[in-house]
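J.: structure for the following, please:
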Amino acid sequence: MQKTLKSCAVFSGVGLHSGRDVTVTVRPASVETGIWFSRTDLSRYDTLISANWQFVVHSALCTRLVNADGVGVATVEHIMAALAGCGISNAIVELNGPEVPIMDGSALQFVRGFLETGLIEQAAPVRAIKILESVEVSENGASAILEPASGLEIEFAIDFPDAAIGQQSKALNLANGSFVHELCDSRTFCSKDDVVTMRSNGLALGGTLLNAVVVEGADVLSPGGMRYHDEPVRHKMLDAVGDLALAGGPILGRYIGNRAGHTITNMLLRRLFSQPGSFQMINCSPQTAKSLPGASVPLEI
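T.: The predicted structure is shown next:
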């Protein structure tokens, strides 16, 4: 069944790229609402932005949504992953700034907030996107594939020059609360050289060693090192969960990413929905619902 929050969940922090303080209030929503963002700091325009792949615009190093009035919200991928990973179908995400706060660089605090607030089932089945035929996109050495599977599965491979990251790969079935247990606390990452480049371009203004894993060669500069030996590839999988959540419903299929990022995943969704024969919208039976990322999530972590 579809789910929403029992009451509001509130988060405050700084935007990774904007460096601006922002407060997010995630409100319950009625059945069939879906996920919407609302800019409470604006009033002259349409301030509602649908969390949908059609509204993604190109943005360096994050996923940004923009509505027809040009009102946007950036860095939505981590909170979208948390919503999908907790099985939340309907919610209004209000924020008083242009960017979702980075928190600790992962989705952990969003997940904790949602589970502490509590979830309720609603009187409607989850509508999911069942992959019928494989679709694939590639660009500049990166690629992504969606192929048929009984639930959401993710396989990911990365290759970075810094020895602290190097080549990593991981495969995971997202059923049985795997997102919460395996991925949600994996943080965004970059090299020290990347930080210099991003800041010279007006990005990563809110980034610190406490909200990102920063590496230099074989060294991890962030205090405490990595949470997992393969934390970077886990974070790329977390990003994929968030970007795939913009499909408009859970995906029943296998996502295979190779050096893929936000742009590639959005290209993949655009390719998928341009080929109607490659997918089918279904109402999830109770048995199918057990394979969704939000099934069997723990009450607390």
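J.: so how far is Val71 from the residue of the chain positioned farthest from its centre?
T.: Centroid-distance maximum for the chain: Arg44 at 28.8 Å, with C-alpha atoms, centre = their mean. From Arg44 across to Val71, the span is 9 Å (C-beta to C-beta, to the nearest Å). (C-beta placed from N, C-alpha, C; glycine too.)
J.: now swap in Trp53 and tell me
T.: Distance of Trp53 to Val71, computed by C-beta to C-beta: 17 Å.
J.: more neighbours: those two, which one.
T.: Using other C-beta atoms under 10 Å as the criterion, Trp53 and Val71 rank with Trp53 on top: 22 against 19.
J.: for the helix ranked longest in the chain, list the C-alpha coordinates in PDB.
T.: In the chain, with assignment by DSSP state H, the single longest helix is helix 231-244. C-alpha atoms of helix 231-244 as PDB (Å, rounded to 0.1, in the frame of the first residue of the first chain):
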ATOM      1  CA  GLU A 231      31.700   3.700   0.700                       C
ATOM      2  CA  PRO A 232      32.100   5.600  -2.600                       C
ATOM      3  CA  VAL A 233      30.400   3.000  -4.800                       C
ATOM      4  CA  ARG A 234      27.700   2.600  -2.100                       C
ATOM      5  CA  HIS A 235      27.100   6.400  -2.300                       C
ATOM      6  CA  LYS A 236      26.800   6.200  -6.100                       C
ATOM      7  CA  MET A 237      24.200   3.500  -5.600                       C
ATOM      8  CA  LEU A 238      22.400   5.800  -3.100                       C
ATOM      9  CA  ASP A 239      22.400   8.600  -5.800                       C
ATOM     10  CA  ALA A 240      21.000   6.100  -8.300                       C
ATOM     11  CA  VAL A 241      18.100   5.200  -6.000                       C
ATOM     12  CA  GLY A 242      17.300   8.900  -5.600                       C
ATOM     13  CA  ASP A 243      17.500   9.700  -9.300                       C
ATOM     14  CA  LEU A 244      15.400   6.600 -10.200                       C
END
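J.: and the next helix or strand past it?
T.: On the C-terminal side of helix 231-244, the nearest following helix or strand under DSSP states H and E is strand 251-258.
J.: may I have the strands that pair with that following strand, each with its orientation?
T.: Strand 251-258 pairs in its sheet with strand 127-131 (parallel), strand 142-148 (antiparallel), strand 153-159 (parallel), by DSSP bridges.
J.: save those as JSON lines, and put in distance to Asn90 too.
T.: Formatted as JSON lines, the strands paired with strand 251-258 follow (distance: least, C-beta to C-beta, whole Å):
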{"stretch": "strand 127-131", "distance to Asn90": "11"}
{"stretch": "strand 142-148", "distance to Asn90": "24"}
{"stretch": "strand 153-159", "distance to Asn90": "24"}
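J.: what's the closest of the ones you listed to His181?
T.: Closest to His181 of the strands paired with strand 251-258, according to C-beta to C-beta: strand 153-159, at 14.0 Å.
J.: for that closest one, buried residues please.
T.: Neighbour counts over strand 153-159 (16 or more other C-beta atoms under 10 Å) mark 153-158 as buried.
J.: can you list the strands that the helix or strand that comes right after that strand pairs with?
T.: Next in sequence after strand 153-159, counting helices and strands by DSSP H and E, comes strand 167-173. The strands beside strand 167-173 in its sheet (DSSP bridges) come out as strand 153-159 (antiparallel).
J.: how much does the strand it pairs with deviate in direction from helix 231-244?
T.: In terms of direction (axes from the mean of the first three to the mean of the last three C-alpha atoms, to 10 degrees), strand 153-159 departs from helix 231-244 by 130 degrees.
J.: what's near enough to touch His235?
T.: By C-beta atoms under 8 Å, 6 or more residues apart in numbering, His235 lies in contact with 106, 183, 186-189, 213.
J.: show me those residues that map onto strands.
T.: Residues of the contacts of His235 located in strands (DSSP state E): 189, 213.
J.: may I ask which of the contacts of His235 has the most neighbours?
T.: Going by other C-beta under 10 Å, Leu183 tops the contacts of His235 with 29 neighbours.
J.: contact partners for the residue nearest to that residue when sequence neighbours are not counted?
T.: Closest residue to Leu183 apart from its sequence neighbours, by C-beta to C-beta, 6 or more residues apart in numbering: Leu238 at 4.7 Å. Each residue near Leu238 by C-beta under 8 Å, 6+ apart is listed here: 77-78, 81, 106-107, 179, 183-184, 186.
J.: which one of those is nearest to Ser7?
T.: Distances from Ser7 to the contacts of Leu238, taken by C-beta to C-beta, are shortest for Ala107, at 20.0 Å.
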